[in-house]
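>>> This is a predicted model, with the sequence first.
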Amino acid sequence: MDQRKLRNRILLFLALAGVVAYVLVRLSGREPVAKIAAVTPVRDNLISSISSNGKVEPISPFVMRAPLDTFVEKVTGVEGQAVKKNQLLLELNVRDARAQLDDAEARLLRAQDELRAAQGGGKADDAARIAGDLAKAQGDRDRLARNHDALQRLIAKQAATRDELTANDLALSNAQAEVKRRSAAKQEFERGVKLDAGRTALQVQQIQSEVASLKAKVASARITAPTDGTLYSLPVKTGDYVKTGDLLAEMADLHRVRVRAFIDEPELGALVPNEPVKITWDALPNRVWTGRTEVIPKQVVARGTRSVGELLCAVDNQKLELLPNINVDVKIHSNERTNVLTVPRAAVDAESGHRYVFVVTQNALGKSRLVRREVQLGIADSTNFEVVSGLQQNEMVALPGDAVLHDGMAVKIVNTDAAYVRGSSDGR
């Protein structure tokens, strides 16, 4: 029993000693202190920019394609060369097309002759024969009709018989039927002539279109430069077989080109027309080309794993160094602020759409603690944020390090070299 009481008293004393030690530590200010780096905000000039990748395109390209299935007869152009308007680039074999043209022109002459005949009432001999047959039948009818009248007068004078009148009337009936038949034949002939005229006119139009197409194909045997520019693509060589529509050559004036920049979706809201653009190319690392934004994206498209808008930029290329279809880096100067209060991006924390910094404060004993404070930010560059409100220039803000920062945290500042901490920004 005595041993149990002794053990309980020892445990009680140990607990009291722990409480006393904690109170003494709190009263003496000797709680654990994290060592951190901090920096004071400075005034600086900020240039906000958007960086991405893009592809060079000609602004007004001329694309020449094969007008027919044939062989390449001769190539005189050289890929990459500067060419003048109407300069010969290559020639195609058009012997088959020329033979087809000759045949089509012969068919056109025959069809035109048939059209003229149809428009003139049909072929002369056919028209004359049909008209003659009708005239003969009408003459026979008229003669027999006159005989009918004469025979009736003669019968009245008993100078002719009823049998003669009956025979004449039978012949007259046959003659009248023949006139009807010949009239119907003439009408059918005339209707056929009209149909032939329409059909032949359509045939003439079709053959004329065929002749015009073949003439264009024969004329297109010589592929020439439509304007002054650079022949940047010539994928064929002498002897190649090409099909209708195959690419023969591409050229354009490359003194000014278009860069299609692929801008990630979150950065599209900052884009406006006529912003300065800088273009760099890994193949010429010491060169920078300048231009302006032109067409702002109206939609977002998938590009690999990215969702991007395609921004079109006009870029000066006076030395013709940027080539169509090369991949380049694009930097867009989207905004600029002068003499604004700035803090390193690493000093800013974000939570639920709000931005915070940890301000270093000191108590009456000179001990430092952190106070979490919301700030309003403006533009940013790759390392710094513009502070619009929530922070004064003479205040000090903590930078993240090994310790996890939190509100009310006791700290010891071990580095306040602004240049050092700004250069170590993590770009968050």
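That came through fine. Residues are numbered from 1 along each chain as shown.
>>> From the contact counts, what lies against the helix or strand containing R116?
Counting by DSSP states H and E, the element that carries R116 is helix 95-119. Judged by 3 or more C-beta pairs under 8 Å, 6 or more residues apart in numbering; DSSP states H and E, helix 95-119 is in contact with helix 162-219. Bear in mind the C-beta positions are built from the backbone N, C-alpha and C, glycine included.
>>> where's the helix it packs on relative to the chain centroid, distance-wise?
Put simply, helix 162-219 sits 57 Å off its chain's centre (C-alpha atoms, centre = their mean, to the nearest Å).
>>> cool, and stretch 246-260?
14 Å.
>>> Buried residues, it. List them.
By neighbour count on 16 or more other C-beta atoms under 10 Å, the buried set for stretch 246-260 is L248, A249, E250, M251, A252, D253, L254, R256, V257, R258, V259, R260.
>>> And these, which two are furthest apart?
L248 and V259 (26.2 Å; C-beta to C-beta).
>>> Against Q138, how distant is the residue nearest to A97 when sequence neighbours are not counted?
Spatially, and ignoring its direct neighbours in sequence, A97 is nearest to K217 (4.6 Å; C-beta to C-beta, 6 or more residues apart in numbering). Distance, K217 to Q138, using C-beta to C-beta, to the nearest Å: 56 Å.
>>> just V259 next, same as before
V259 is 87 Å from Q138, by C-beta to C-beta.
>>> How about V242?
Counting by C-beta to C-beta - V242 and Q138 are separated by 67 Å.
>>> Likewise for A347?
A347 sits at a distance of 117 Å from Q138 (criterion: C-beta to C-beta).
>>> same thing with E265?
E265 is 91 Å from Q138, by C-beta to C-beta.
>>> Compare those two (neighbour count), which wins?
Here E265 and Q138 are compared on neighbour count by other C-beta atoms under 10 Å; more neighbours surround Q138, at 16 against 13.
>>> Surely that one is within a helix?
Yes: secondary structure of Q138 (DSSP: H, G, I helix; E, B strand; the rest coil): part of a helix.
>>> ok, now which ones touch it?
V179, R182 (C-beta atoms under 8 Å, 6 or more residues apart in numbering).
>>> And for the nearest residue to R107 once chain neighbours are set aside, the neighbour number?
Counting by C-beta to C-beta, 6+ apart, the nearest residue to R107 once its immediate chain neighbours are dropped is I207, at 5.5 Å. I207 is flanked by 19 other residues according to other C-beta under 10 Å.
>>> Relative to A219, how far out is I207?
18 Å.
>>> Next: R345.
64 Å.
>>> what does T76 give?
For T76 relative to A219 (C-beta to C-beta), the value is 17 Å.
>>> Repeat that for R292.
41 Å.
>>> Between these two, which has more neighbouring residues?
Using other C-beta under 10 Å as the criterion, R292 and A219 rank with R292 on top: 14 against 11.
>>> contacting residues around the more buried one?
Contacts of R292 by C-beta under 8 Å, 6+ apart are P273, N274, E275, P276, V277, C313, A314.
>>> out of these, which are inside helices?
Of the contacts of R292, none are assigned to helices by DSSP state H.
>>> for A252, what are its contacts?
Taking C-beta under 8 Å, 6+ apart, we find A252 in contact with P58, I59, S60, P61, F62, G229, T230, Y232, P324.
>>> Tell me, how many residues neighbour the first one?
If you count neighbours by other C-beta under 10 Å, P58 ends up with 23.
>>> and it, how far is that from G401?
52 Å.
>>> Repeat that for the fourth one.
Here the distance between P61 and G401 works out to 55 Å (C-beta to C-beta).
>>> Within the helices and strands, which one has L12?
helix 2-28.
>>> can you tell me the average pLDDT over that helix?
Throughout helix 2-28, pLDDT has a mean value of 65.
>>> ok, now stretch 61-73?
Stretch 61-73 shows an average pLDDT of 92 in the prediction.
>>> for that stretch, which positions count as buried?
Residues P61, M64, A66, P67, L68, T70, V72 are the ones in stretch 61-73 that count as buried (16+ other C-beta under 10 Å).
>>> contacting residues around A225?
Contact analysis of A225 by C-beta under 8 Å, 6+ apart lists F62, V83, K84, K85, N86, Q87, L89, L231, M251.
>>> if you set the cut-off to 7 Å instead, what comes out?
V83, K84, K85, N86, Q87, L89, M251 (C-beta atoms under 7 Å, 6 or more residues apart in numbering).
>>> With E265 instead?
Here E265 is in contact with V300, S307, V308, G309 (criterion: C-beta under 7 Å, 6+ apart).
>>> which of these are buried?
Listed as buried from the contacts of E265 are V308, G309; burial here means 16+ other C-beta under 10 Å.
>>> Nearest to S51 among the contacts of E265?
V308 (13.1 Å).
>>> What are the boundaries of the strands in the stretch 251-400 of the chain?
Here the stretch 251-400 of the chain has its strands, by DSSP state E, counting those that start in this stretch, at 256-264, 276-281, 284-295, 301-303, 306-316, 327-344, 349-351, 354-362, 368-380, 384-389, 396-399.
>>> Direction included, what does the fourth one pair up with?
Which is strand 301-303. Strand 301-303 has the following strand partners under DSSP bridges: strand 306-316 (antiparallel).
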